[in-house]
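> How does the following fold in three dimensions:
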Amino acid sequence: MQNGILFIGVHVLKLKGGDKDEMQERHKNDVDWVTETIDLYGEEAAALVIFGNGKTGKETDDFFKPMGSALEAFQKPTLYLHGDAKEGESLQVKAGIKWVKYDYVT
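This next block holds a predicted model:
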């Protein structure tokens, strides 16, 4: 936590043709990580920033749906910042969460 902002990093996977069980286990671990961190520090936090590498979609619903429920209970401003988007997807608002796509720049 920095200046009242809680920061959490997650590794959201979209494995096309990959190990679906592994992907689901990682998503479950990510949800647990987010909810446990909010449980520990959420009362002190004024807002939450989650850094991830995946966006919403059929392959990632097992992460985003339960995470969305946890964030509804959190009821504080939340930003999900991710780098897995096609060009032109710069800002989305879903389920009360502000979503921002960033590009990797060298």
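
> CA atoms for contacts and neighbours, from now on please.
Fine.

> tell me the mean pLDDT for stretch 13-26?
Averaging pLDDT along stretch 13-26 gives 79.

> Tell me if I am right that residue 35 is in a helix.
Yes - counting by DSSP: H, G, I helix; E, B strand; the rest coil, residue 35 is found in a helix.

> Count the neighbours of the residue nearest to it when sequence neighbours are not counted for me.
Leaving aside its sequence neighbours, residue 35 sits nearest to residue 70 (CA to CA, 6 or more residues apart in numbering; 6.3 Å). Neighbourhood size, residue 70 [other CA atoms under 10 Å]: 18.

> got it, and residue 51?
18.

> Begin at 39 from now on, thanks
Understood, numbering begins at 39; the last thing we discussed is residue 89.

> list the contacts for it?
Applying CA atoms under 8 Å, 6 or more residues apart in numbering to residue 89 gives the contacts 45, 46, 47, 48, 118, 119, 120.

> Kindly state the beta-bridge partners for the nearest residue to the first one once chain neighbours are set aside.
Take residue 45 and drop its neighbours on the chain: the residue closest to it by CA to CA, 6+ apart is residue 87, 4.9 Å away. Assessed by DSSP bridges, residue 87 has beta-bridge partners residue 45, residue 117.

> for residue 87, what are its contacts?
43, 44, 45, 46, 116, 117, 118, 119.

> looking at this, the last one is in a helix?
When you say that, I think you mean residue 119. No - under three-state DSSP, residue 119 sits outside any helix and is assigned strand.

> Quick one: neighbours of it, just the number.
When neighbours are defined as other CA under 10 Å, residue 119 has 20 of them.

> next one: the fourth one
Using other CA under 10 Å, residue 46 has 17 neighbouring residues.

> Could you report the separation of it from residue 80?
11 Å (CA to CA, to the nearest Å).

> How about the fifth one?
When CA to CA is applied, the distance between residue 116 and residue 80 equals 11 Å.

> Would you mind pointing out the helix or strand the nearest residue to residue 101 once chain neighbours are set aside falls in?
Nearest residue to residue 101, sequence neighbours excluded (CA to CA, 6+ apart): residue 65, at 5.0 Å. Per DSSP states H and E: residue 65 is located in helix 58-79.
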